[in-house]
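S.K.: This is the structure alone, sequence omitted:
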């Protein structure tokens, strides 16, 4: 695995802080109804992405996930201004404003979605890995899902095929404890989700999903196993989300005290403590990072708010190939 150096820690801190503040701002503009529809925030789970990116080979490996998908493409290299614009429904967004919160997508950098159907991305992830193996591209697909999605039958069908065909895919469950609001202990006879891999003799195990170092170590092992042609791995990232399932979630299923307890192991705080303990940055340098993050978030908002909405005909042009399709209104 690539060494976790001073520069890695500083990058982790700046990246994770930006992802957090980016989504905090999304929450604020959502309340102002500048962002519409559903909005699922990643607050608390940033270490899973930071550690995974450290273990990936960007440009070759691919990523696919569910609808909690705003910061993953940013981490892989998508311009955050375009992601913000997509959430605003603007023409300058990653999908011209037509995808919205749950469907960020950029095939050029290997981020193959945001998917709104619970568990729908699991067989798709295996399919992407199958294509990489078939065309001998040498890439590995990281396929993420929540603890609620692992109860879908398609997971078992996918695991079976992935093992049979030794597909270069890493399945990663981000277990934040509650799915849409139902605790893990209420959805199965046992709480160790990673053990679902045992039925297929798939290498599997739990990971501290609040620590990017631990995430990087285990994802690296899984990626290298896949790249060697030894097949898939199933990792259960034990993580936590500080906000509700979505912005409309009242969170009656957990206490404020529980959330505060998990804030004591906030991944951003953990990384910052290492930076301070090892004197990787002075207080002034940390303040500079904080200001850069604040400035970039403002740039993203200004870009989104000053961008135009897409023309109405764009919605039809992306759906219908036949220009004179009879059900298209003649006057838009």
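M.R.: Received the coordinates, thanks. Treat the numbers as computed from the prediction; the structure is a model and nothing was measured.

S.K.: As a check, name the ranges of all helices in this structure.
M.R.: If DSSP state H is used as the criterion, the helices of the chain fall at 6-31, 46-55, 71-76, 80-87, 121-134, 153-164, 212-227, 256-263, 267-277, 283-306, 312-317.

S.K.: May I see the ones you listed organised as JSON lines, with distance to residue 141 and mean pLDDT added?
M.R.: Glycine gets a C-beta too; all of them are placed from N, C-alpha and C. Rendered in JSON lines, the data for these read as follows (distance: least, Cβ to Cβ, whole Å; pLDDT from 0 to 100):
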{"stretch": "helix 6-31", "distance to residue 141": "22", "mean pLDDT": "98"}
{"stretch": "helix 46-55", "distance to residue 141": "12", "mean pLDDT": "98"}
{"stretch": "helix 71-76", "distance to residue 141": "13", "mean pLDDT": "98"}
{"stretch": "helix 80-87", "distance to residue 141": "21", "mean pLDDT": "98"}
{"stretch": "helix 121-134", "distance to residue 141": "4", "mean pLDDT": "98"}
{"stretch": "helix 153-164", "distance to residue 141": "10", "mean pLDDT": "98"}
{"stretch": "helix 212-227", "distance to residue 141": "8", "mean pLDDT": "98"}
{"stretch": "helix 256-263", "distance to residue 141": "30", "mean pLDDT": "97"}
{"stretch": "helix 267-277", "distance to residue 141": "24", "mean pLDDT": "98"}
{"stretch": "helix 283-306", "distance to residue 141": "28", "mean pLDDT": "98"}
{"stretch": "helix 312-317", "distance to residue 141": "30", "mean pLDDT": "83"}
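
S.K.: now for those, which one comes closest to residue 196?
M.R.: Of all those, helix 153-164 sits nearest to residue 196, with 7.3 Å by Cβ to Cβ.

S.K.: Could you list the residues in contact with that closest one?
M.R.: Residues from elsewhere that reach helix 153-164 (Cβ atoms under 8 Å, 6 or more residues apart in numbering): 119-120, 122-123, 125-126, 129, 145, 149, 167, 169, 171, 196-197, 199-202, 231-232, 234.

S.K.: Before I go, just wanted to say thanks for your time.
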